[in-house]
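Chemist: sequence and predicted structure below; questions after.
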Amino acid sequence: MADLQAPRGMNDLLPEDEALWQHVIDTATRVARSFDYHLIRTPIVEDQGVFLRTVGDDSDIVSKEMYLFEDRGGGRLALRPEGTAAVARAYLEHGMASRPQPVRLFYWGPFFRYDRPQAGRYRELFQFGVECIGDPSPAADVEVIDLQRSIYEALGLGDLTLRINSIGTAETRHRYEAVLREHFLPHLEGLSPDSQRRFDTNVLRILDSKEDAGHPAVLDAPSILDHLSEEDRAHWEGVQALLTGLEVAFEVDTRIVRGLDYYAHTVWEFEPADAGGQSTIGAGGRYDGLIESLGGPHTPGTGWASGLERIMLNLRERGVEGVDASLHAVTVPLGEAGAVAAARLASMLREAGLSVRSGTTGRSMRAQLRSADASGARYALIVGDREAAEGLVQVKPLDGGDQREMRIDEVVAALTGV
RNA sequence: GUGGGUGUCGCCUAGCGGUUAAGGCGCCAGGUUGUGGCCCUGGAGACCGAGGGUUCGAAUCCCUUCACCCACCCCA
């Protein structure tokens, strides 16, 4: 084995994965565009402040998973750990608030989190995400959820479960956190060390603890839904009514709390029914406080991100493979004159829109035909010195059909014609 | 960050103290002169993840380290 390897938790995408990868990106892009969402690409590196100010100091992402570094000019940069804050930064920087609202954006690309790798969890991960910025209504939440669902549907993952919750506004949440602390305080001793830690850092997460899942104090914990303000409640009911109207199936799950600080109101996750470890395929939420925390005016927003590796993992589990654009032909050059004629023929066919692999010169005809057969191409185009001298080609169908000799200028028509 | 498992040719695997480290797939070349898919023959390709020990002798035992896998934490 080579002594140099890809960095831990980072993977190479190999040619055999190309078809499925491209299928996922193309499908997601197509569906997003059908909702009038458009691509935004932001740098892979951002000023650290973009994430430090928005994501939340005590979130794991900021406290221990960010790749932070200084560039040669002393700039304090971060490899982006997530997309929303970066898109919000771009929205502000480019004055998108003066475009027609809401602004509908999608993006995809690599993100980085220094975390221990595991099934479906990588240090370099790829996400596809969308953001709808500038619309405070429940309809915006439901639009992006519907878009997300449509992408999964188009990919063949229509059976994913949508679990959804409302965490109200920041004020609501703070009030609820106080209620929760009061509730858990007498039971702290009986909870796991993790939950005891969360009591201080993020009480909400105790509700989502796997270790304490069956604990009576968790089971009869007060629900955030009972602590929503009137405004929160109106939004929340609006979301549910619209989802129901669209016949989008969902489950209310009050344990969904989201790890990032900027979320408010609606939060959701899509998961396969047979949920395992790193099972969440895509998750999102409303982030009305985000742009303010970047120094901009109060601006509502909602969106989601989905892990491309997790999508691919689930597609593979269901036996879905991408379909490779099939190779039309392979040339079989023989001799020096044949090599020249074959190369000219190949470029002619490519210009006509066909995909053509050049055969390896200097190899025996038998070796070349074996290789052509293994390539999956439909035709072998044999051009030896004899053919070259007379401007001819032997067109050999690789499915066993009869070989035909034709003039070079007839080949394009013969291969594109039918 | 915590706990468990695994590392032998490109891929899958055998070997588990003394073997020229074996096989399958794949790759390359042949099975008479320019015709594939099946079959047959041959070849290339591994200092057994890396570094230290133990031993007359280690892929096989021990330690360290790195990587991968699985779970927790967290998250997409």
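Modeler: Structure received.
Chemist: other residues contacting whichever helix in chain A runs longest?
Modeler: In chain A, with assignment by DSSP state H, the single longest helix is helix A:15-34. Residues outside helix A:15-34 that contact it (CB atoms under 8 Å, 6 or more residues apart in numbering) are A:13, A:39, A:106, A:108, A:128, A:130, A:147, A:150-151, A:154-155, A:306, A:308, A:311-312, A:315-316, A:320-324. The way it works is simple: take the backbone N, C-alpha and C, and place the C-beta from them, glycine included.
Chemist: continuing past it, what's the next helix or strand?
Modeler: strand A:38-39 (DSSP states H and E).
Chemist: right, and the helix or strand after that next one?
Modeler: Assigned by DSSP H and E, the successor of strand A:38-39 is strand A:45-47.
Chemist: the worst-scoring helix or strand of chain A on mean pLDDT: which residues count as buried?
Modeler: Within chain A, confidence by mean pLDDT, DSSP states H and E is lowest for helix A:60-64 among all helices and strands, at a mean of 73. Using 16 or more other CB atoms under 10 Å as the test for burial, helix A:60-64 gives A:Asp60, A:Ile61, A:Val62.
Chemist: what is the nearest of those to RNA strand B?
Modeler: A:Asp60 (3.4 Å; CB to the nearest atom of the strand).
Chemist: CA-only coordinates of stretch A:295-302 in PDB, if you can.
Modeler: This file holds the C-alpha atoms of stretch A:295-302, laid out as PDB (Å, rounded to 0.1, in the frame of the first residue of the first chain):
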ATOM      1  CA  GLY A 295     -25.100  42.000  12.000                       C
ATOM      2  CA  GLY A 296     -27.900  42.400   9.500                       C
ATOM      3  CA  PRO A 297     -31.500  43.400   9.900                       C
ATOM      4  CA  HIS A 298     -34.000  40.900  11.300                       C
ATOM      5  CA  THR A 299     -34.700  38.600   8.300                       C
ATOM      6  CA  PRO A 300     -36.700  35.400   8.400                       C
ATOM      7  CA  GLY A 301     -35.400  32.300   6.700                       C
ATOM      8  CA  THR A 302     -36.000  28.600   6.400                       C
END
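Chemist: is that stretch positioned near RNA strand B?
Modeler: No: figure legend: stretch A:295-302 not in contact with RNA strand B (CB under 7 Å from any atom of the strand); closest approach 13.7 Å.
Chemist: pLDDT at A:Ala275, what is it?
Modeler: Here the pLDDT value assigned to A:Ala275 is 60.
Chemist: A:Val383 against A:Val330, yeah?
Modeler: No: at 11.4 Å, A:Val383 and A:Val330 do not qualify as touching, with contact defined as CB atoms under 8 Å.
Chemist: shaky segments in the stretch 201-350 of chain A?
Modeler: The model of the stretch 201-350 of chain A has pLDDT under 70 over residues A:259-261, A:274-278, A:325.
Chemist: 50 instead, please
Modeler: For the stretch 201-350 of chain A, no stretch has pLDDT under 50.
Chemist: and if you look at the stretch 1-150 of chain A?
Modeler: Checking the stretch 1-150 of chain A against pLDDT under 50 turns up nothing.
Chemist: contact residues of it facing RNA strand B?
Modeler: So far as CB under 7 Å from any atom of the strand goes, the stretch 1-150 of chain A lies against RNA strand B at A:1, A:3, A:5-6, A:8-10, A:59-61, A:65, A:82, A:113, A:115-122, A:125, A:127.
Chemist: of all residues in the stretch 101-250 of chain A, which one is closest to RNA strand B?
Modeler: A:Ala119 (2.7 Å).
Chemist: so how far is stretch A:71-85 off the chain centroid?
Modeler: How far stretch A:71-85 lies from its chain's middle: 21 Å, per CA atoms, centre = their mean, to the nearest Å.
Chemist: measure the nearest residue to A:Leu308 once chain neighbours are set aside to A:Glu65 for me?
Modeler: Sequence neighbours aside, A:Phe126 is the residue nearest to A:Leu308 in space, at 4.0 Å (criterion: CB to CB, 6 or more residues apart in numbering). Plainly put, A:Phe126 is 16 Å away from A:Glu65 if you go by CB to CB, to the nearest Å.
Chemist: these two: who's more crowded?
Modeler: A:Phe126 (21 against 14; other CB atoms under 10 Å).
Chemist: what helix or strand is the residue nearest to A:Pro300 when sequence neighbours are not counted located in?
Modeler: Leaving aside its chain neighbours, A:Pro300 sits nearest to A:Pro136 (3.8 Å; criterion: CB to CB, 6+ apart). Secondary structure assignment for A:Pro136, by DSSP H and E: no helix or strand.
Chemist: ok, now A:Thr172?
Modeler: Using DSSP H and E, A:Thr172 falls in helix A:170-184.
Chemist: can you tell if that helix touches RNA strand B?
Modeler: No: judged by CB under 7 Å from any atom of the strand, helix A:170-184 stays clear of RNA strand B, getting no closer than 14.1 Å.
Chemist: next structured bit after that helix?
Modeler: In N-to-C order, the element after helix A:170-184 by DSSP H and E is helix A:193-201.
Chemist: for that following helix, which residues meet the burial criterion?
Modeler: A:Ser195, A:Arg198, A:Phe199.
Chemist: what's in contact with that helix?
Modeler: Taking CB under 8 Å, 6+ apart as the rule, helix A:193-201 contacts A:Asp58, A:Arg181, A:Phe184, A:Leu185, A:Leu188, A:Leu191, A:Arg205, A:Ile206, A:Ser209, A:Glu211, A:Asp212.
Chemist: make CSV from the buried residues of helix A:60-64 and add distance to A:Glu251 to it.
Modeler: As requested, the buried residues of helix A:60-64 are exported to CSV (distance: CB to CB, whole Å):
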residue, distance to A:Glu251
A:Asp60, 26
A:Ile61, 26
A:Val62, 30
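Chemist: where do the helices sit along the stretch 301-418 of chain A?
Modeler: Assigned by DSSP state H, counting those that start in this stretch, the stretch 301-418 of chain A shows helices spanning A:308-317, A:335-351, A:365-375, A:385-390, A:408-417.
Chemist: ok, A:Ile151 to A:Arg310 distance?
Modeler: A:Ile151 is 13 Å from A:Arg310, by CB to CB.
Chemist: export the buried residues of helix A:193-201 to CSV and tack on pLDDT and distance to A:Val412?
Modeler: As requested, the buried residues of helix A:193-201 are exported to CSV (pLDDT from 0 to 100; distance: CB to CB, whole Å):
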residue, pLDDT, distance to A:Val412
A:Ser195, 85, 70
A:Arg198, 84, 68
A:Phe199, 87, 73
